[in-house]
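1. here's my sequence, what's the structure:
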Amino acid sequence: MLLLLQSAPLLLLLALLLSGRAGPVGACLAALAAALPAIALTLPEAAALPGFLARELVRGAYLAAQPMAVLLGGLLFHAAVTRLAPADAAAHPATPRRVFAATLLGGAFVESVTGFAVGAVFALASLRRMGLSGAPAGALALLALVLVPWGGLGPGTALGAALIGEPAQRVALATAWPSAAWMLCLAPVLWRVSAAAGVPVPGPERLRQLGLMTVVAALLLAANLFLPFEAAGIIATGLPLLWVLWRLDPPQGPEGWRRAATALAPWAGLTLALLLARSWQGAPAIRPFPDLPALPATHVAVVLCCVSAVLLALRAPGALPAAGGALFRARRPALAMLLYVLLGRLLAGAGVAAALAGAAAQALGPFAAYALPPLGLVSGLVTGSNVGSNAALMPVQVALGQAAGLTSVQAAGLHNFAGSAGAGLSFAVTAMIAALLADGTRPARFWRLLAPALAAVLLIGWGILALEAGAGKG
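-> I've put the predicted structure just below:
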């Protein structure tokens, strides 16, 4: 009976979202209400429920404030960059190469720099400028979140490694292997969704895109092997992106080179500012909760807002209305993000998530290790972030993997991969993209279009488990 109550919030949330009977906000409110009985019965003392709710809601709001601020900073940055673009710049039509550049390369690069699903926001903006809209455009934008473990220079991966006492560099490398395989699987998913958007990808272009994704995967592995893992995502996507952009619009003459430099300057400046901020060790920080991530003065959101303010000031007339428009567009996705982070925090803080994971492992017996990928995927779907997924289940998943003969690093890398993949397609992130589309699209349509990507996460995870189990026996 308790297990049924503990699973009820997630089952209700999925049922409402998949059926289309409720929007992202309504579905999450219903799940929050359904979570109360499970939380009351899971806590050691039912009488502690009011205090637990008061404490965890404040902690959840603090956690949610960080991605909400990053979302706002990303929209401000986009508004600033748009205003600096030449007035005579024509919108490019949607072509297979431009869709690929905007999502699996450009969006993934932005996500590696900023994190917090901002890569999907920028990918969606690029796709809409090409004339794409609706569920296919949203699904294409979500494909930009392929490098979540390295998003925002990898704070979630660093947290997960710290929770199990292993070097972050080793956990990142263990995460890179399944992530590289997933990248190759996402190319056919892109072609499928692109065709649904009215942009079919011909055979020769498919081969070129698959070749580029192979290069990205190889660069990701090499960067994690030989360089600080924080920069791996930027290097893996940035170098191929520059090549593709040059091939799409090669500068013609001095004026062409000037335009190219002007277009790249804001992105180069933001990347440099974020790298400099990350290099500032011991920056002043706000840390109201010792066991939660601090909010330093060098946080991604702070850097984004500062760089955006400078860019907006470069063209002062009309800057305030542009900033106000960005704030207005952020209201619905920010509300959805807040509610889903609160739901994930309540379920994790009460022990509901760990209880469900333990019950699944016990039911599977000798095959318990094969629960590791789906549990990681679900933790990402529920918490909506790599940080949240690792904080909720990393110790549980590592213990599960070690019981099956995996090393702690192997188990951590597999959970980090699966949880990050789930976070990129989570309830919170899909609700945010649906809110930005503002055309009535429901998250369930994204999941249907991207179902092969989710299936690939499980197949890759199970394949790696089988290989590692075979190696262990050998």
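2. and stretch 59-69, how far out from the chain middle?
-> Between the mean C-alpha location of stretch 59-69 and the chain-wide mean there is a distance of 15 Å, by Cα atoms, centre = their mean, to the nearest Å.
3. for stretch 444-454, same thing?
-> 15 Å.
4. again, but for stretch 375-390
-> The offset between the C-alpha centroid of stretch 375-390 and the centroid of the whole chain comes to 10 Å, using Cα atoms, centre = their mean.
5. end to end on it, go ahead and measure it.
-> Stretch 375-390 stretches 11 Å from its first residue to its last (Cα to Cα, to the nearest Å).
6. again, but for stretch 36-52
-> Taking Cα to Cα, stretch 36-52 runs 11 Å from one end to the other.
7. and if you look at stretch 99-117?
-> Start and end residues of stretch 99-117 are separated by 18 Å (Cα to Cα).
8. for that stretch, give the mean pLDDT please.
-> Average pLDDT, stretch 99-117: 88.
9. buried residues, the helix or strand residue 182 falls within. List them.
-> Assigning secondary structure by DSSP states H and E places residue 182 in helix 168-196. Of the residues in helix 168-196, those buried under the neighbour-count criterion (16 or more other Cβ atoms under 10 Å) are 168-183, 185-194, 196. All C-beta spots, glycine's among them, are computed from the backbone N, C-alpha and C.
10. contacting residues for the residue nearest to residue 136 when sequence neighbours are not counted?
-> Excluding its sequence neighbours, the residue lying closest to residue 136 (Cβ to Cβ, 6 or more residues apart in numbering) is residue 197, at 3.5 Å. Applying Cβ atoms under 8 Å, 6 or more residues apart in numbering to residue 197 gives the contacts 94, 99, 132, 134, 136, 137, 140.
11. recalculate using a threshold of 10 Å.
-> 94, 99, 127, 130-140, 449 (Cβ atoms under 10 Å, 6 or more residues apart in numbering).
12. show me those that map onto helices.
-> Residues of the contacts of residue 197 located in helices (DSSP state H): 99, 127, 134, 135, 136, 137, 138, 139, 140, 449.
13. tell me the one of those residues nearest residue 272?
-> Within the set of those, residue 127 lies nearest residue 272; the separation is 26.7 Å, counting by Cβ to Cβ.
14. per-residue confidence at the closest one?
-> 94.
15. how far away is it from residue 116?
-> With the distance defined as Cβ to Cβ, to the nearest Å, residue 127 ends up 19 Å from residue 116.
16. which residue ranges of this protein form strands?
-> Assigned by DSSP state E, the chain shows strands spanning 285-286, 295-296.
17. list the contacts of the residue lying closest to residue 200 once chain neighbours are set aside.
-> Of all residues beyond its chain neighbours, the one nearest residue 200 is residue 194 (6.9 Å), with distances taken as Cβ to Cβ, 6+ apart. Neighbouring residues of residue 194 by Cβ under 10 Å, 6+ apart: 94-96, 99-100, 103, 132, 136, 139-140, 143, 200-201, 209.
18. which of those residues tops the neighbour count?
-> residue 140 (32 neighbours; other Cβ atoms under 10 Å).
19. list the contacts for it?
-> Contact partners of residue 140, counting by Cβ under 10 Å, 6+ apart, are 94, 99-100, 102-104, 107, 120, 123-124, 126-127, 132, 189-190, 193-194, 196-197, 199, 446, 449-450.
20. and if you look at residue 211?
-> Neighbours of residue 211 in contact, by Cβ under 10 Å, 6+ apart: 187, 240.
21. now do residue 165
-> Under the criterion of Cβ under 10 Å, 6+ apart, the contact list for residue 165 reads 398, 408.
22. follow-up on the earlier one: nearest to residue 66, of the ones in helices among the contacts of residue 197?
-> When the ones in helices among the contacts of residue 197 are ranked by distance to residue 66 (Cβ to Cβ), residue 138 comes first, at 23.3 Å.
23. would you confirm that that closest one contacts residue 434?
-> Yes: here residue 138 reaches residue 434: they are 6.6 Å apart, a contact under Cβ atoms under 10 Å.
24. list residues touching both of the two?
-> Joint contacts of residue 138 and residue 434 (Cβ under 10 Å, 6+ apart) are 441, 442, 443, 445, 446.
25. for the last one, report the pLDDT, please.
-> We note a pLDDT of 94 for residue 446 in this prediction.
26. so how far is residue 65 from it?
-> 25 Å.
27. quick one: which of those two has more around it?
-> Comparing residue 446 with residue 65 by neighbour count (other Cβ under 10 Å), the higher total belongs to residue 446, at 25 against 16.
28. now do the contacts for the closest residue in space to residue 73 that isn't next to it in sequence.
-> Using Cβ to Cβ, 6+ apart and skipping the chain neighbours, the partner closest in space to residue 73 is residue 304 (2.9 Å). By Cβ under 10 Å, 6+ apart, residue 304 lies in contact with 69-77, 113-114, 116, 118, 270, 273-274.
29. cool, residue 356 as well?
-> The contact partners of residue 356, taken as Cβ under 10 Å, 6+ apart, are 3, 6, 7, 10, 38, 347, 375, 378, 379, 382, 393, 396.
30. turn those into CSV, columns for pLDDT.
-> What follows is the contacts of residue 356, written out as CSV (pLDDT from 0 to 100):
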residue, pLDDT
3, 78
6, 81
7, 81
10, 78
38, 85
347, 79
375, 85
378, 86
379, 82
382, 79
393, 75
396, 76
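31. tell me how many other residues crowd the closest residue to residue 371 other than its chain neighbours.
-> Nearest non-adjacent residue to residue 371, counting by Cβ to Cβ, 6+ apart: residue 360, 4.8 Å away. A total of 17 residues lie near residue 360 under the criterion other Cβ under 10 Å.
32. for residue 208, same thing?
-> The burial count assigned to residue 208 is 16, neighbours taken as other Cβ under 10 Å.
33. distance to residue 421 added to the strands of the chain, as a markdown table?
-> Rendered in a markdown table, the data for the strands of the chain read as follows (distance: least, Cβ to Cβ, whole Å):
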| stretch | distance to residue 421 |
| --- | --- |
| strand 285-286 | 30 |
| strand 295-296 | 26 |
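34. now these as TSV including mean pLDDT, mean neighbour count and distance to residue 22?
-> Rendered in TSV, the data for the strands of the chain read as follows (pLDDT from 0 to 100; neighbours: other Cβ atoms under 10 Å; distance: least, Cβ to Cβ, whole Å):
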stretch	mean pLDDT	mean neighbour count	distance to residue 22
strand 285-286	86	11	35
strand 295-296	84	17	32
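35. what's the closest of those to residue 158?
-> When the strands of the chain are compared for distance to residue 158 using Cβ to Cβ, the nearest one is strand 295-296, at 13.3 Å.
36. elements contacting that closest one?
-> For strand 295-296, the helices and strands in contact under the criterion 3 or more Cβ pairs under 10 Å, 6 or more residues apart in numbering; DSSP states H and E are helix 49-84, strand 285-286, helix 300-314.
37. one more pass at 8 Å, please.
-> Applying 3 or more Cβ pairs under 8 Å, 6 or more residues apart in numbering; DSSP states H and E, we find strand 295-296 packed against strand 285-286.
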